[in-house]
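Novice: Following is a predicted model, sequence given first.
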Protein chains: 2
Amino acid sequence: MNVTTELHDFIFNGHLNYVPHLSIDCAVFGFHDNQLKILLLRSKYLDGWALPGGHIQRNEHIDIAAQRILKERTGLDKIFLKQYQTFGDPDRLKTQSSQYFLNAVQIPIPPNNWLMERIVSIGYYALVEFSKATPTPDLFTEECVWWDIHQLPALIFDHDHMINLALLTLQSQLHYQPIGYNLLPDKFTMPELQKLYETILDKPLDRRNFQKKIMGLGILEKLEERKSVGPHKSPYYYRFNEKNYQEALTAGLSFGF
Amino acid sequence: MNVTTELHDFIFNGHLNYVPHLSIDCAVFGFHDNQLKILLLRSKYLDGWALPGGHIQRNEHIDIAAQRILKERTGLDKIFLKQYQTFGDPDRLKTQSSQYFLNAVQIPIPPNNWLMERIVSIGYYALVEFSKATPTPDLFTEECVWWDIHQLPALIFDHDHMINLALLTLQSQLHYQPIGYNLLPDKFTMPELQKLYETILDKPLDRRNFQKKIMGLGILEKLEERKSVGPHKSPYYYRFNEKNYQEALTAGLSFGF
DNA sequence: GCAAAAGTGTTACGCTTACACCCATGG
DNA sequence: CCATGGGTGTAAGCGTAACACTTTTGC
């Protein structure tokens, strides 16, 4: 099935496979170059960028649907995913002079098409290891790339709102979700971990206090190896002790930033 | 329109007014007799109790739909309501030997009826002033009554799961949501407020420390009046200083229980 | 007068914060 | 050798937690 046929099939027969009136949108976070990144897709048909999203199969759990969608966009399995909010404004897809998304597909679409009706979207946020993801666009998009969370392009629909809320949720859950574990590679340095926390919390932290607190949690192992990273002392690598981390999370982490 | 006609109309024409595949369920909390209560409805057609719920009108914001549904069940306007989770297990309505809810309505219902399809439910929790609510059953239920959160009856579908998650959410948000303000009457005593916190957190708190911390937040006004409540010293009444409370909430309350 | 609950203050401990100097590395 | 960033410890202050006796009231 070529792309045009596939698109046509999705538009006219998608309701047979997917639950109408519902969609999923995911704010996928990564960390690279000391920046918090989010994965966005550039729309073929509208002037703006979109969160990765999709529909729920008729007999599929919504959490599984989110996993499936992100597997398609990143190549990754078993992504850390958390539902954070469902977006149910009846006018959320009517933006820019009340124009619906699919009016722009350049295929005549009847007004009673399943994609032309009101859609409530379930928002998830995801944490992935930047270097392991392979951003891949979908049928509706030209490209799929990481954007610095502080320098975002124009977004379609209510996706800016979705991102803002995802970020707030991430901040508020930093203390009891395995943020670092999911966003960082297996080995990382203390300054990298600190930058991650500083970036998400959007405030500077004291190096010595940060190190003391993090190490006090007993969830990190210091390795022998150091990372050579510039004209100065080389920082040690650390890794998470997965067992201790999981235990600490269920007990509630209690950093006190 | 009598009840039978109304029910018939809802079943066979409801999809014209309401968004199919979606519903709302609300965990409504109240506080009375030093107990945390939740509002439940006894089903006419199934053997168990249910959360107050309903469907979303085709052009209605989901938050407005939740308000409308609770207005019908309690008589109250402008209820404190917060979305906390969307429940999307494809089998969530298939309980007790795969029997769907509406098989029990004693009206023959075709399998492609909108109520027979998969339904994803958006969960809200609500905080109401117990004495102001007027519990009122709906079309599908015999009675609507408050239950002690620690002594619940058998529940239909996944409603026990919904309640558990609502409670966990309430606990975790106790520190930055206006819990007391919404659950207590205008005037209340310090022991009553403490019991509320103890009940939600499910642990005892020290009276002296509790009073110090709460008063330290500057959100309570002590009144002259005392409540005569038994063969012992009479506690003072307090009330919230609404202005200070709202300010404190946006700043983040930070009790430290 | 007695039982039952409310009002109130002080102390110790732990956690959080603030802060400065030396070391390693690359150019 | 110099600039840059990493590694490390201590002291002060604040908030939290622990704790007991007196007062009021109804029976």
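Specialist: Looks like it came in fine.
Novice: Ignoring the adjacent residues along the chain, who's closest to residue A:92?
Specialist: residue A:158 (4.6 Å; C-beta to C-beta, 6 or more residues apart in numbering or on different chains). Where you see a C-beta, it was placed from the backbone N, CA and C, and this is true even at glycine.
Novice: mind listing what that neighbour touches?
Specialist: Residues in contact with residue A:158, defined by C-beta atoms under 8 Å, 6 or more residues apart in numbering or on different chains, are A:87, A:89, A:92, A:95.
Novice: now the last one, nearest residue through space, not along the chain?
Specialist: Read it as residue A:95. The shortest distance from residue A:95 to any non-neighbouring residue, by C-beta to C-beta, 6+ apart, is to residue A:157 (5.7 Å).
Novice: try the second one
Specialist: Closest residue in space to residue A:89, ignoring its immediate chain neighbours: residue B:61 at 5.5 Å, by C-beta to C-beta, 6+ apart.
Novice: What separation is there between the one you found and residue B:128?
Specialist: Per C-beta to C-beta, to the nearest Å, residue B:61 is found 20 Å from residue B:128.
Novice: does the residue most central in space within chain A have beta-bridge partners, and which?
Specialist: Geometric centre of chain A, nearest residue: residue A:28, 1.0 Å, by C-alpha atoms, centre = their mean. Taking DSSP bridges as the rule, residue A:28 bridges to residue A:126.
Novice: Would you check that it makes contact with residue A:50?
Specialist: No. The pair residue A:28 / residue A:50 is not scored as a contact, 12.0 Å apart, by C-beta atoms under 8 Å.
Novice: Chain B contacts on the stretch 51-200 of chain A?
Specialist: A:56, A:58-63, A:65, A:83, A:85-86, A:88-90, A:118, A:120, A:122 (C-beta under 8 Å from any C-beta of the partner chain).
Novice: If we use 6 Å, what do you get?
Specialist: A:59, A:61-62, A:86, A:88-90, A:122 (C-beta under 6 Å from any C-beta of the partner chain).
Novice: Give me the buried subset of those residues.
Specialist: Neighbour-count burial (16 or more other C-beta atoms under 10 Å in any protein chain shown) applied to these gives A:62, A:86, A:88-90, A:122.
Novice: What number of residues are in the vicinity of residue A:192?
Specialist: A total of 19 residues lie near residue A:192 under the criterion other C-beta atoms under 10 Å in any protein chain shown.
Novice: contact partners of the helix or strand hosting it?
Specialist: Secondary structure assignment for residue A:192, by DSSP states H and E: helix A:190-201. Contacts to helix A:190-201, defined as C-beta atoms under 6 Å, 6 or more residues apart in numbering or on different chains, come from residues A:31, A:34, A:36, A:170-171, A:174, A:180, A:204-205, A:210-211, A:235.
Novice: For ChimeraX, what selects the buried ones among these?
Specialist: This is how ChimeraX selects the buried members of the contacts of helix A:190-201, with burial counted by 16+ other C-beta under 10 Å:
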select /A:31,36,170,174,180,205,210,211,235
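Novice: In helices, which of the contacts of helix A:190-201 appear?
Specialist: A:170-171, A:180, A:210-211 (DSSP state H).
Novice: Can you list the low-confidence ranges for chain A?
Specialist: A:96-105, A:251-257 (pLDDT under 70).
Novice: from the middle of its chain, how far away would the helix or strand hosting residue A:11 be?
Specialist: Assessed by DSSP H and E, residue A:11 sits inside helix A:3-17. Offset of helix A:3-17 from its chain centre (C-alpha atoms, centre = their mean, to the nearest Å): 26 Å.
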